[in-house]
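> I'd like to go over a predicted model; first the sequence, then the structure.
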Protein chains: 2
Amino acid sequence: MIPSGVKRILEKHQVMPDQRILVALSGGADSMALLNVLLMLGYNCEAAHCNFHLRGDESDEDERFVADYCRKKQVPLHIKHFDTEEESGQKGISIEMAARELRYQWFWELVEKMGFHQLATGHHGDDMIETFFLNLARGTGVRGLRGMRECNDTLLRPLLAFRREEIEKWCYQNQIPFRTDSSNLDTAYQRNFIRHNILPEMEKLNPSFFSTMQRNFKNIDDVWQVFLNHMEELKQELLAREGEHMLIPIRLIREHPQREVVLFEILRPYGFNGATISEIIESFEGIPGKQFFSQNYRLVRDRYNLILLPRDTEETEMFYIENGQEEVLAGSLSMKLKQYEVNKDFKFSRDPQCIHLDADCIDFPLKVRRWHQGDLFRPLGMEKFKKLSDFFVDEKLSRVEKEQVWLLLSGEDIAWVVGYRIDDRFKVTKTTENILEIRI
Amino acid sequence: MIPSGVKRILEKHQVMPDQRILVALSGGADSMALLNVLLMLGYNCEAAHCNFHLRGDESDEDERFVADYCRKKQVPLHIKHFDTEEESGQKGISIEMAARELRYQWFWELVEKMGFHQLATGHHGDDMIETFFLNLARGTGVRGLRGMRECNDTLLRPLLAFRREEIEKWCYQNQIPFRTDSSNLDTAYQRNFIRHNILPEMEKLNPSFFSTMQRNFKNIDDVWQVFLNHMEELKQELLAREGEHMLIPIRLIREHPQREVVLFEILRPYGFNGATISEIIESFEGIPGKQFFSQNYRLVRDRYNLILLPRDTEETEMFYIENGQEEVLAGSLSMKLKQYEVNKDFKFSRDPQCIHLDADCIDFPLKVRRWHQGDLFRPLGMEKFKKLSDFFVDEKLSRVEKEQVWLLLSGEDIAWVVGYRIDDRFKVTKTTENILEIRI
């Protein structure tokens, strides 16, 4: 029954027998069954085995077992060794997540390099149901509750319609050897717990719980896909890129009745989690300037937009100065600020490290960032805008000097090319009443 | 903690203390707690109690208990007796479904008649989670997995954030008496099973499973709302009304990547279930004419559209005649059909009960339906189209006679105003090779 079922699934998804399939082969019942079914159906298979070195000798025995079997069956086998613990430590992710990332990264490399048509994995229906309960307990969102897909472009999972038991039985009946995984992955204990303590109870409620869950997955996935399409349209409409920054208009998020899940879906790829999303949404009620961090990204709640930018490069950073703030450390730049009323003793500074601006022209929070190609300003004394790049040419700045230039902005307008020239629009005039003095 | 929590929830949803609230009061801990909390918070409450007569004396004791308590507390009480079993039998629905329908129907009548601002029910967080697992085991679709809402227009459920245990404990601490429901509703056993066998296991996986589920519900509901909005847009775009018929273009359903869930959402309000939806979608691959039934509706897979129409009135029915079919019973109309090649012995019938058409002009399946305002045809011998209503005037048909007229259609064209006149486009001519003879 398994081979005919798999055949039907492959035909349904137009996977032809002359296509080359890479089978992810752990040595467990699922992947051994999968390899054998595909060979029986006449597919042109090769196998790929990961040795994660997580279970000492056992890992090596798995590798030997798989290698012997493939040699006997004349199936070309690719093997790779991983230092999973190191990867996990380096990336600050769980062992399980590290193993998964390493595995799929290598599999897709192989698929691409060696021109396979498909990658096939031995995930079965019970895996899907266990994952459902695991994610339900974790609260991972609907994404984690929708099951897996039999065929997703080049990823095949032809065993999703079958149960673990059926697959093992089929292995016994067909004398296909397999290894039992005494896995110590993080969720192994939880999966076992679900398998033995929860699923049997659900089956008491509904003896065909397995097939009902297949229908549930279909229902959830259908609703999810509609949601994803909506998100795609929304992203097209919402997101704007500006250099390395991404801008997300706050008003549009705020007006969306499902703002949390929408913002979560937008920011999830950048590593922001659910708790941070709630904080970001709360920040809409406060003043601009608040910042939020994921591992690699920074999100700034600006006046009208959320600004998303990579964390690691100072070039893309943006710092904020609130009204009344007296000191700021913007990356390598340190500034002191002071505001006071104009009086007769006021004198312009000659020091390029210290400037005076008309405080009433300033739109707080001030921003400090690196300059970009295309930036314009009105150098003090000029009536026309000038490209910053041209200004730098006139000032004969070297490439390195240029790279180190900071800008001070009021709203979107450059107020000071820090250390070089203030903007004419913000200069102190006869009518100025309040001064903002800034010293670097 | 419960009163302050409920207060916060009511304030959040702008339910003001001067509003009049009808409390659904079964006498159990949940509804007794709810009534008392609302009274403590100064709300103007009345109570409504249903006696479903499902548990003999116990039902009557519940009623007495509630009546005594409300008298003591000076809370106006509305009581209604239901013959739930009879209702269940008459409607062919489960006892539980019948009780629920009767209860809410009466509650909403009271709310409207007596001008309450809100109806409040004692549903709590554990109810929601139990329902989730119940619906998961039943496979009811995402609608059944998204939890309940604290406030839905005029329906308040202020206890959703609390656990059954907390509520009972609060009743003990505040010396609020309550009755324990030895319910024999259909799902009582299953709910108990979930409560005692499944939820404790989920809490072993995640000790804060209760609050994780509250987040899960929010996530699922958000995705669901986005889906519902999409469905609303789609319905605007997809559905057309034509008299009592509703037309659903097959092509648009077929092209939708989530066609099953989309069609299910469109047809669910008309009582079609998931299994029927799958059959309907399969029928897209077959020839037109297939019919599907829910309790009150009929759906016809026509050539380009699905036609949805009420079942009970003959006026709105549509019958199909396949090519080669020799007999048809269309409501009160019975017809015999015959096809043969033209030969020299062929004679036109003089009997208005028997007609001859050019079989090669016919587009099968033929359709039989009542006439509608706006129908046009080309009466035999005429070159122009005529309104059917004008034709009836010329023929001096009475209102009752007109009501009884049937039409035979080829595609969308009237071929025969049955018993009166054939259409010129389908008449037998010198070039006719095949005859379709129809006798009523």
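Yes, it's here. Residues are numbered from 1 along each chain as shown, chains lettered A, B, ... in the order given.

> so for stretch A:213-221, mean pLDDT?
Stretch A:213-221 carries an average pLDDT of 93.

> repeat that for stretch A:367-378.
This predicted structure assigns stretch A:367-378 an average pLDDT of 87.

> and what of stretch A:187-197?
The model assigns stretch A:187-197 a mean pLDDT of 87.

> residues of that stretch that come out buried?
A:Thr187, A:Gln190, A:Arg191, A:Phe193, A:Ile194, A:Arg195, A:Asn197 (16 or more other CB atoms under 10 Å in any protein chain shown). For every residue, glycine as well, the C-beta is placed using N, CA and C.

> A:Asp375: what's it in contact with?
A:Lys387, A:Leu388, A:Ser389, A:Leu407, A:Ile414 (CB atoms under 8 Å, 6 or more residues apart in numbering or on different chains).

> find the residue at the geometric middle of chain A.
A:Pro269 (2.7 Å; CA atoms, centre = their mean).

> ok, back up a step: of the buried residues of stretch A:187-197, list those near chain B.
Residues of these in contact with chain B (CB under 8 Å from any CB of the partner chain): A:Gln190, A:Phe193, A:Ile194, A:Asn197.

> and which of these is nearest B:Cys151?
Each of these was scored against B:Cys151 by CB to CB, and A:Ile194 proved nearest at 34.4 Å.

> measure that closest one to A:Cys45 for me?
According to CB to CB, to the nearest Å, A:Ile194 and A:Cys45 sit 31 Å apart.

> same check on A:Gly28?
Distance from A:Gly28 to A:Cys45, by CB to CB: 17 Å.

> same check, this time on A:Gln295
For A:Gln295, the distance to A:Cys45 - CB to CB - is 38 Å.

> compare these two (neighbour count), which wins?
Between A:Gln295 and A:Cys45, A:Cys45 has the larger neighbour count (other CB atoms under 10 Å in any protein chain shown), namely 25 against 11.

> I'd like the next helix or strand past the lowest-mean-pLDDT helix or strand in chain A.
Lowest on mean pLDDT, DSSP states H and E among the helices and strands of chain A sits helix A:399-403, with a mean of 72. Once the chain leaves helix A:399-403, the next helix or strand it forms, by DSSP states H and E, is strand A:406-410.

> CA atoms only for that following strand, dumped as PDB, please.
Output in PDB follows, covering the C-alpha atoms of strand A:406-410 (Å, rounded to 0.1, in the frame of the first residue of the first chain):
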ATOM      1  CA  TRP A 406      28.200  62.200  10.000                       C
ATOM      2  CA  LEU A 407      25.000  64.200   9.300                       C
ATOM      3  CA  LEU A 408      22.700  65.900  11.800                       C
ATOM      4  CA  LEU A 409      19.100  66.000  10.500                       C
ATOM      5  CA  SER A 410      16.000  67.900  11.500                       C
END
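
> quick check: next helix or strand after it?
Following strand A:406-410 in sequence order, the next helix or strand is strand A:413-417 (DSSP H and E).

> next, the buried residues of that following strand.
A:Ile414, A:Ala415, A:Trp416, A:Val417.

> now stretch A:88-102, how far from the centre of its chain.
Chain-centre distance of stretch A:88-102: 15 Å, with CA atoms, centre = their mean, to the nearest Å.

> near chain B at all, that stretch?
No - applying CB under 8 Å from any CB, one finds stretch A:88-102 separated from chain B by no less than 15.9 Å.

> what lies in contact with that stretch?
By CB under 8 Å, 6+ apart, the list of residues contacting stretch A:88-102 from outside reads A:Cys50, A:Phe52, A:Leu54, A:Phe82, A:Thr84, A:Glu85, A:Glu87, A:Leu185, A:Asp186, A:Thr187, A:Gln295.

> now these: which count as buried?
A:Cys50, A:Phe52, A:Leu54, A:Phe82, A:Thr84, A:Glu87, A:Leu185, A:Thr187.

> which SS class is the first one?
Here A:Cys50 is recorded as strand under DSSP: H, G, I helix; E, B strand; the rest coil.

> that one reaches A:Trp106, doesn't it?
Yes - between A:Cys50 and A:Trp106 there is a contact at 6.8 Å, judged by CB atoms under 8 Å.

> pLDDT value on the residue in chain A sticking out farthest from the centre, please?
Going by CA atoms, centre = their mean, the residue of chain A most distant from its centre is A:Lys344, 56.9 Å out. On pLDDT, A:Lys344 comes in at 76.

> any idea which element it lies in?
Using DSSP H and E, A:Lys344 falls outside every helix and strand.

> so what does it have for phi and psi?
With angles defined as degrees, to the nearest 10, A:Lys344 sits at phi -70, psi -20.

> pLDDT below threshold where in the stretch 151-300 of chain A?
Judged against pLDDT under 70, the low-scoring parts of the stretch 151-300 of chain A cover residues A:182-186, A:242-244.

> re earlier: out of the buried residues of strand A:413-417, the closest to A:Gln14 would be?
So of those, ranked by how close each gets to A:Gln14 (CB to CB), first place is A:Ile414, at 57.2 Å.

> distance check, the closest one against A:Val405.
11 Å.

> same check on A:Ser283?
Using CB to CB, one obtains 30 Å as the distance from A:Ser283 to A:Val405.

> rewinding a little: nearest to chain B among the buried residues of stretch A:187-197?
A:Asn197 (4.7 Å; CB to the nearest CB).
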